[in-house]
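> Okay, structure incoming, though there's no sequence with it:
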């Protein structure tokens, strides 16, 4: 039996099991967890015919859930002729096998379900490679239960295996080899992206990255700002592959806006590792815009999940891979879906936002508050600007254009065969300018 949904087709009937451990409910609303788990199933076209929220005091090594709870699920599986049972928690290979035996249906865990969604949604060649790598990593530890022919041995010949190599060893070796090939291909793609990123840094436009919990409304906000038609549905993981568009902001002629994959609680470690290269777009942004579904009952827990991943990427705090301190990327919050709030909840949200710096309350669906969000993004991009004086030769037109687009040129005097500019510039842009045009001179203020 394969670990993917495989032969289970779209529209298949599924039973959803949502375990909640003692004390976990303090941080997350159980109904919201059930809703998210159902959303994950619907995102891949499954028909959830029954839901079993379960409260657990302890985890059972053999089956995760208790015998009585398994017995309570069995009748639903039989009555609905469900082909699939989804457990909204990580399962070990043994737990998965035992539950399949007990319930008489295919069982997948949260990780397997998210991998299936990513596998279906990845649109670019690199995205598909990332998902395949994550899926192979997930499968590698489950070969002991995934294959029915593992006890068979085969004689080796050539380079395909030594004498007496078991099938499981051969399968593991094949997976390792395939993973190694994918990693090489992803390394090539990463180098290509680094070159593209270097070109963008030479270009004078700031880069803004949208991040947020899946289904928070990032793509709807992206479309509202850019006039694009990026897929934006009320569906988990509607966006997987990053998309970039040009936008204009108050006082900023051009900026690059990047929409990224949505985050989720308990995102499989295999996927975090596989998509790290894609998420690196966030680490080099000039501004991170964290879009939140502010009306969601778990909005604070979702905020914590996103912050945890941003911290792991090194854009919040910590050290880079070379041990150097990472300069945190400036961030603002967009509190979305205010149009869905009750009058009382709306007033409370607006009052809370008024006390916070770097927050805009919007409805990406209706457009409410979007102009204020645009103004906030522009203000944050220019907040750290300082006055500098730069001397350029007359033939350094590209550097001149870069400064006009990236900063605010206040004065331009002809002096000593060139230009003497007074520019309001971000410190990070000053450092970038110095790397790009080391021959330019910074003149001390008089």
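Nice, thanks for sending it over. None of the values given here were measured: they were computed from a predicted structure.
> ok, how many other residues are close to residue 243?
By other CB atoms under 10 Å, the residues close to residue 243 number 18. For glycine as for every other residue, the C-beta is placed from the backbone atoms N, C-alpha and C.
> Wait, it touches residue 226, no?
No. Residue 243 is not in contact with residue 226 according to CB atoms under 8 Å; the separation is 9.1 Å.
> any low-confidence regions in the stretch 1-150 of the chain?
Applying pLDDT under 70 to the stretch 1-150 of the chain picks out residues 1-8, 22-27, 143-150.
> Spit out the contact partners of residue 335.
Neighbour list for residue 335: 292, 294, 349, 353, 359-362 [criterion: CB atoms under 8 Å, 6 or more residues apart in numbering].
> again, 7 Å this time
For residue 335, the set of contacting residues under the criterion of CB atoms under 7 Å, 6 or more residues apart in numbering consists of 292, 294, 349, 353, 359, 361-362.
> Looking at these, which are in helices?
Among these, the residues falling in helices (DSSP state H) are 349, 353.
> Relative to residue 339, which of the contacts of residue 335 is nearest.
Nearest to residue 339 among the contacts of residue 335: residue 362, at 9.0 Å, using CB to CB.
> For the residue nearest to that closest one when sequence neighbours are not counted, give me the pLDDT.
Counting by CB to CB, 6 or more residues apart in numbering, the nearest residue to residue 362 once its immediate chain neighbours are dropped is residue 369, at 3.6 Å. We have a pLDDT of 97 for residue 369.
> State the number of residues packed around residue 369.
The local packing of residue 369 (other CB under 10 Å) involves 21 other residues.
> now residue 169
The number of residues packed around residue 169, counting by other CB under 10 Å, is 16.
> Would you mind giving the secondary structure of it?
The three-state label given to residue 169 by DSSP: H, G, I helix; E, B strand; the rest coil is helix.
> got it, and residue 228?
Of the three states, residue 228 takes coil according to three-state DSSP.
> give me phi/psi at residue 206?
Recorded main-chain torsions at residue 206 are phi -70, psi 150, according to degrees, to the nearest 10.
> which residues sit in contact with it?
Each residue near residue 206 by CB under 7 Å, 6+ apart is listed here: 252, 255, 286-287, 381.
> please redo it, this time with the cut-off set to 8 Å
Applying CB under 8 Å, 6+ apart as the definition, the contact partners of residue 206 turn out to be 252, 255-256, 286-287, 381, 406.
> ranges for the helices of the stretch 301-446 of the chain?
Applying DSSP state H, counting those that start in this stretch to the stretch 301-446 of the chain gives helices spanning 343-354, 370-382, 397-406, 427-436.
> Repeat that for the stretch 101-250 of the chain.
With DSSP H, counting those that start in this stretch as the criterion, the stretch 101-250 of the chain has helices at 110-121, 125-140, 143-146, 167-202, 218-226.
> burial of residue 289, as a residue count?
Counted with other CB under 10 Å, residue 289 comes out at 27.
> In space, what's closest to residue 443 - neighbours in sequence excluded?
In space, residue 443 is closest to residue 389, 4.2 Å off (CB to CB, 6+ apart).
> pretty sure the one you found contacts residue 424?
No. With contact defined as CB under 8 Å, residue 389 and residue 424 do not form a contacting pair (11.2 Å).
> Between the two, which is the more surrounded one?
In this comparison of residue 389 against residue 424, neighbours counted by other CB under 10 Å, the higher total goes to residue 389 at 17 against 13.
> For that one, list each beta-bridge partner.
Here residue 389 sits in beta bridges with residue 422, residue 443, going by DSSP bridges.
> Kindly provide the distance from it to residue 402.
Distance of residue 389 to residue 402, given as CB to CB, to the nearest Å: 16 Å.
> repeat for residue 195
Taking CB to CB as the measure, residue 195 and residue 402 are separated by 19 Å.
> Poorly predicted segments of the stretch 201-350 of the chain, please.
201-204, 229-242, 268-271, 273-278, 280-281, 316-327.
> hey, where'd the strands end up in it?
Taking DSSP state E, counting those that start in this stretch as the criterion, the stretch 201-350 of the chain carries its strands at 207-212, 243-249, 252-259, 287-293, 331-336.
> Pipe those into JSON lines and attach distance to residue 441 per row.
Written out in JSON lines, the entries for the strands of the stretch 201-350 of the chain read as follows (distance: least, CB to CB, whole Å):
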{"stretch": "strand 207-212", "distance to residue 441": "27"}
{"stretch": "strand 243-249", "distance to residue 441": "30"}
{"stretch": "strand 252-259", "distance to residue 441": "26"}
{"stretch": "strand 287-293", "distance to residue 441": "29"}
{"stretch": "strand 331-336", "distance to residue 441": "34"}
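> Can you report phi and psi for residue 84?
Dihedral pair for residue 84: phi -150, psi 140, per degrees, to the nearest 10.
> what residues are up against the closest residue to it other than its chain neighbours?
Closest residue in space to residue 84, ignoring its immediate chain neighbours: residue 14 at 4.3 Å, by CB to CB, 6+ apart. If you count contacts by CB under 8 Å, 6+ apart, residue 14 has them with 41, 46-49, 82-86.
> and after the host helix or strand of residue 14, which helix or strand comes next?
Secondary-structure assignment from DSSP states H and E places residue 14 in strand 13-21. Under the assignment DSSP H and E, the closest C-terminal helix or strand after strand 13-21 is helix 30-43.
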